[in-house]
Structures are given as C-alpha cells and as structure tokens.
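Novice: pasting the structure only:
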C-alpha cells in the first residue's frame, strides 16, 4: 500500500472524498474463542444481560453483536493517545490545562487538560479556573472561544483544535443551551461479531474461619472508618450502636463481617455479566470530511480578516491540519493497543490501513500510515497552514484552579474518605 502523504490528504479534504476510515479486525489476546468482558450497563425492560447486545445487519444477515467500546469511550482513548504524543513532544498542537501541582491536598491531580475533561474546553473545571488571576471565561481567550461558531471557528481552532475533531457543546457557558456547538468529526466504535453471552462464577473461603453470622460489627466511636465488636466502644446514634458500613457496602452487609471483607462467599453464578465469546471484534473509525468542511474561518489566528481571494486556500489548509491531527489520534491509539478494561485485551489480526471513501460512491483507495508518517503529516499540515496565517501556538495555556474549586475538591475528598457522602445518600433513601 502507498503511504498517505500531505498532498493527497489536502486534496481529499478539499473535495471528492466523503470520509477517511479504518476498519480493523481484532481478536482476544488469548486467541479466538477466549472470553472477553464488555462494559456493563443498567438492565432495562427484558434484557437478560448487563451488556449492550443487539442484532445488526452485517453482510446481508442479522447478526448478534455486543458493544465492546462505545463512541464516547473511544473518543476518550483517542484523546488520551494524542495527549501521550503531546507529552512526549512528538506532536505539537494547542492545549489548555489546569495546574493543580501547587495546591495543598490535591497536588496529586497534577495537570488536567482539555483532552481529559468531559466537556473539553467548555468543561466546568476550566470555567472555574483562573488565567493570570482572572476567571477563565472573562479572559480574552475564554471570551473568544465562547463566541466561536462553526461558521466562525478560528478561535476554537486556535486554542482547542481537538474540540473541532471530537466535538463540544458549551451548554454550561454564559449562553447556556445556545452556547457554541461543534459536531463530532471523528467517530470510532468496537463491537464483537456473532457474540454469545456467558457466565462467571465467584466464591471465597475465609482462611481464618470467620462466619457470616459473627458480629454484629459496630462503628468505633470517634474513629471514622474503624470498627469494633465491643458494643460499649461503639458510636451511638439515638442511643443505639451504629452498625459498621463502608461506603462501598450495600445496606444488607452493614454490621456483618462482609462489610470488613471478612467471611466466606458462597459459590455463585452470574449470568448477567459473565463475559462473552465472539467470532471476532471490529473497530470502525470514520473521519467525516463534510463535518470539517462545515467549519468556516473568517480571520487568521492573529485576528486579521481573510481576504476573499485567499479564503478557499486558507480554509482548506486549516481543515487539512485538523484532519492530520485526527489521523495522529487514530495511529497513536493503534500504537497504544486495545486493553479496554480487565479481561478485555484485544489484538489486531493484520496491519493498519486507511481508505478514502469517495463522495460519488466509487472504489475506495487503501493507504497505509505509520507513526512516523502521521507525525510528518501533521508537521507538513502545520507548515502549510502557517503560510495562510493559521499556525498553532506551541505554548500550552495553563490555568490555576480558583480557590473555591480547590476547596470544593478538598471537601469532597474529605467527605468521601469519612463516608459522609454515602451516609447522606442513605439518609435520603
């Protein structure tokens, strides 16, 4: 296969190609037929498992499939892959981050970036942070991205281009539901084909011989998180000893050795979340070029209006830079592998390949793209965009958490550690 180069990519972004896609066949690392564990969801209606299983039309026939990684989950993994390339200084693009490293009690958060927050640059964590001592939304950068729209996308392109790839809706900003909304251009999903749900078993023998009926176990007075079987040392509420319960325990385990992770667990079979087997898995990744073409740029990144005679070339170069960045995410994710969760490691059965999907429904064009090739693609796209005033800054934008945000995180942690959050929840049940 021919490796994708920048000229080919730019021409595809310009016109004639509807999408760039990659379809990868995957198998469990343990080999064909090995059990894999999909993500679980709350059961609804007549569902027999906690998995998202459905009939899909594949190769002309109805086939049972199971969702192994959703579009939203894949987006997070693609963003994580980009962040890794950025941290290694292999990829250069603008990035907004919050630095918690100097905050007492929450320094372990280190830096959270717009690639990690749920709503990207529009997330409440960034909204409640400060840039040069000023609330982020009240700064020139915050105001610029707040005012951005698909037909005036330069500010988002300049400060958070990844939001133009993965989508963002500024629904909690100053304009509420009328805030900036950009559709997702890059979509990926992994499903298992010809899937059959299985069962799993569980049991535990306590080597100390602690019986389930032992106890009751009480909350130790004045020592949150500690327990005692001596009623005289127990915490009292309404003159009654308080049964011990960890925040992760169900009510029925309160006051029993099970609340302490002691005691036997009788053998059981779980048919609702017992894993699944399948013929194989398929990852389908699609970059929508019409979605990129809907993005319009009326001025350069330094605020100069784009003259009409250069508008087309400027917009194509900016969109091509976004496409190159999206393809870097795809290739870097492939390099990271497919360890989706515990007992859900998948491996590709063949080399990575892309294909152009023609807008007229013609023959697809297969192309290869390596890590080195993806980095080169991005660098050349940046150089081309720079000629039209659409270059990206290499300096990250670093915010500090507002004191109220830092306090909220610290309070939340203390309540979680002491079990207060769970107790409040139980009180309202």
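Specialist: Great, that's in hand. Not measured: the values here are computed from a predicted model. Residues are numbered from 1 along each chain as shown.

Novice: correct me, but residue 275 touches residue 198?
Specialist: Yes: here residue 275 reaches residue 198: they are 4.7 Å apart, a contact under CB atoms under 8 Å. Where you see a C-beta, it was placed from the backbone N, CA and C, and this is true even at glycine.

Novice: Quick one: list the elements packing against the helix or strand residue 187 falls within.
Specialist: Take DSSP states H and E as the rule and residue 187 turns out to sit in strand 186-193. In terms of contacts (3 or more CB pairs under 8 Å, 6 or more residues apart in numbering; DSSP states H and E), strand 186-193 is packed against strand 61-69, helix 71-87, strand 280-288, helix 308-336.

Novice: Pull up the pairing partners for the helix or strand just after that strand, direction included.
Specialist: Toward the C-terminus, strand 186-193 is succeeded by strand 196-197 as the next helix or strand (DSSP H and E). When sheet partners are counted by DSSP bridges, strand 196-197 sits next to strand 276-277 (antiparallel).

Novice: for the strand it pairs with, the distance to its chain's centre please.
Specialist: 24 Å (CA atoms, centre = their mean, to the nearest Å).

Novice: from here on, count from 234
Specialist: Yep, numbering from 234; the last one is strand 509-510 now.

Novice: for it, what is the average pLDDT?
Specialist: For strand 509-510, the mean pLDDT works out to 95.

Novice: just stretch 368-385 next, same as before
Specialist: Per-residue scores along stretch 368-385 average to 94.

Novice: Show the end-to-end separation of it, please.
Specialist: 24 Å (CA to CA, to the nearest Å).

Novice: right, and the helices and strands packed on strand 419-426 - which one's nearest residue 446?
Specialist: strand 294-302 (40.0 Å; CB to CB).

Novice: Who does residue 252 form a beta bridge with?
Specialist: residue 521, residue 590.

Novice: can you confirm residue 523 is in a helix?
Specialist: Yes: according to DSSP: H, G, I helix; E, B strand; the rest coil, residue 523 belongs to a helix.

Novice: On the pLDDT front, check it for me.
Specialist: So residue 523 comes in at 98 (pLDDT).

Novice: Roughly how far does it sit from residue 253?
Specialist: Distance of residue 523 to residue 253, computed by CB to CB, to the nearest Å: 12 Å.

Novice: neighbour-wise, which of these two wins?
Specialist: residue 253 (26 against 12; other CB atoms under 10 Å).

Novice: So for that one, what pLDDT did the model give?
Specialist: Looking at residue 253, the pLDDT reads 98.

Novice: can I assume it is in contact with residue 597?
Specialist: No: under the criterion of CB under 8 Å, residue 253 makes no contact with residue 597, lying 10.1 Å away.

Novice: Find residues that contact each of the two.
Specialist: Common contacts of residue 253 and residue 597 (CB atoms under 8 Å, 6 or more residues apart in numbering): 588, 589, 590.
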